[in-house]
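Trainee: Show me how the following folds:
(one chain, ligands or ions: 1)
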Amino acid sequence: MVASNATTEALTTATTLLDKLEDAGQQSLVLAVDIGGTKMDVAVVDGSGGFLWRDRRETPGSPDGEDVFAPLGQLVAEAVRFAGDRLVACGVGCGGPMAQDGVTVSPLNIPAWRDFPLRERLKELSGVPTLVDNDAKALALGEGWIGGARGCGNYLAMVVSTGVGGGLVMDGKLLEGASGNAGHIGHVVVEPEGRACACGGRGCLEAEASGLSIEAITGFPAKEASLPVRQRTGTLVGRAVASVASLLDLPLALVGGSVALGFGEPFFAAAQDEVSYRCGLSFARETRVVPVMLGERGPLVGAAALGWNVLPGGHRAKR
Ligand SMILES: [Zn+2]
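Mentor: Model prediction:
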């Protein structure tokens, strides 16, 4: 699919996704795959977002791409056997960057995979249409389906963990952008003279507020961060949210990820204060910054939502 088609096809909204699930019937199942730098998580998910089967493995640290794929392949094969002929699609959330439509992936957190043909490999194993997309975009879809953004057509969902990522839903549509990379809030500048970022920029949110950055700045893992560090991280996230909310008229920002959720209330209070402080326009000043609702299930629910999008009628059909 070329990018221009994305704007003309009916992009899937939380509402149409629910309609589609009813069409698909409760008998159909999707395979949900979440691939991170530390673990690979696989579930068989029903039309209500329920997990019927789930297992995970550590992501191998091997420099060989096939070594990294092997345990994932085993998990997927087990899940496919469990689901049987009820399996209709496979959705995969993975770190970026990736080629358009996730044909090949080169996740920064898995150095062994550079231009790895993940979609084709999983499609072969699962035998069903397969969609690979950015994990933060998946999370945004999942929160809109059965999480904290249900019924909300305009929101940002973001992850603050080892890195920082995000996905945007506007007018009920998951934003793609020209190359499928819309939503990279981790590279919005929050400190103009701040730290150099891995992307080549400077002062990006990710360079100041990710788990890796916090450890580099303080000398301690993020989970040991002091109260001022927790608050500063919240302030910087709030600063990025303020810019995005003003630009896009978004009333809701859902924030997940181990750093944000681990920092808890001081983080969210600082983020909300910063939004109020930075936003002069009333619509943006009222933007709420709240934790994601799906918690640790969110990435897999999001991957499942991607999977449902591959079905006929979904905006990523014909895979
Ligand atoms: Zn950057």
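
Trainee: ranges for the strands of the stretch 51-200 of the chain?
Mentor: 51-58, 87-94, 130-134, 155-160, 164-170, 173-174 (DSSP state E, counting those that start in this stretch).

Trainee: Tell me the buried residues in the third one?
Mentor: Going back to what we said before, that points to strand 130-134. Within strand 130-134, the residues scored as buried using 16 or more other Cβ atoms under 10 Å are Thr130, Leu131, Val132, Asp133, Asn134. For the C-beta atoms, the positions are set from N, CA and C on the backbone; glycine is no exception.

Trainee: and which of those residues is nearest the ion?
Mentor: Asn134 (15.3 Å; Cβ to the ion).

Trainee: What's opposite that closest one in the beta bridge?
Mentor: Asn134 has these beta-bridge partners by DSSP bridges: Cys94.

Trainee: Touching, it and Gly177? I think so.
Mentor: No. Judged on Cβ atoms under 8 Å, Asn134 makes no contact with Gly177 at a distance of 10.6 Å.

Trainee: List the residues that are in contact with both of the two.
Mentor: Gly183 (Cβ atoms under 8 Å, 6 or more residues apart in numbering).

Trainee: Pretty sure Tyr155 sits against Gly147.
Mentor: No. Contact between Tyr155 and Gly147 fails when scored by Cβ under 8 Å: they sit 10.3 Å apart.

Trainee: Now the common contact residues for the two.
Mentor: Joint contacts of Tyr155 and Gly147 (Cβ under 8 Å, 6+ apart) are Leu254.

Trainee: I'd assumed Arg56 was in contact with Lys39.
Mentor: Yes. Lys39 is in contact with Arg56 according to Cβ under 8 Å; the separation is 5.2 Å.

Trainee: In terms of packing, which of these two has more residues around it?
Mentor: Arg56 (16 against 11; other Cβ atoms under 10 Å).

Trainee: Not counting sequence-adjacent ones, nearest residue to the more buried one?
Mentor: Leaving aside its sequence neighbours, Arg56 sits nearest to Asp41 (Cβ to Cβ, 6 or more residues apart in numbering; 4.3 Å).

Trainee: cool, and Asp64?
Mentor: Ala112 (6.0 Å).

Trainee: thinking Val80 is in contact with Leu31, fair?
Mentor: Yes. Counting by Cβ under 8 Å, Val80 touches Leu31, with 6.9 Å between them.

Trainee: Could you check which of these two is surrounded by more residues?
Mentor: Neighbours per residue, other Cβ under 10 Å: of Val80 and Leu31, the larger number sits with Leu31, 29 against 18.

Trainee: what's near enough to touch the closest residue to the more buried one other than its chain neighbours?
Mentor: Distance criterion Cβ to Cβ, 6+ apart; nearest residue to Leu31, sequence neighbours excluded, is Cys90 at 4.2 Å. When contacts are counted by Cβ under 8 Å, 6+ apart, Cys90 touches 30-33, 76, 122-123, 126, 128-131, 307, 310.

Trainee: which residues touch the residue nearest to Asp64?
Mentor: Pro60, Ser62, Pro63, Asp64, Gly65, Asp67, Val68.

Trainee: Of these - the most surrounded one?
Mentor: Going by other Cβ under 10 Å, Val68 tops those with 20 neighbours.

Trainee: returning to that earlier point: quick one: which of the strands of the stretch 51-200 of the chain is nearest the ion?
Mentor: Per Cβ to the ion, nearest to the ion of the strands of the stretch 51-200 of the chain: strand 164-170, 8.9 Å.

Trainee: Given that closest one, what are its sheet partners and their directions?
Mentor: Strand 164-170 has these strand partners (DSSP bridges): strand 155-160 (antiparallel), strand 173-174 (antiparallel).

Trainee: And the nearest residue to Phe51 once chain neighbours are set aside, how far from Gly37?
Mentor: Ranked by Cβ to Cβ, 6+ apart and with sequence neighbours excluded, the top spatial neighbour of Phe51 is Ala43, at 4.7 Å. Using Cβ to Cβ, to the nearest Å, we find Ala43 at a distance of 19 Å from Gly37.

Trainee: Okay, now the unreliable bits of this protein?
Mentor: Residues of the chain meeting the criterion pLDDT under 70: 1-26, 312-319.

Trainee: Go through the host helix or strand of the residue nearest to Arg56 and flag the buried ones.
Mentor: Applying DSSP states H and E as the criterion places Asp41 in strand 39-45. Buried residues in strand 39-45, counting neighbours by 16+ other Cβ under 10 Å, are found at Met40, Asp41, Val42, Ala43, Val44, Val45.

Trainee: same for that strand, what does it pack against?
Mentor: strand 29-35, strand 51-58, helix 65-83, helix 298-308 (3 or more Cβ pairs under 8 Å, 6 or more residues apart in numbering; DSSP states H and E).
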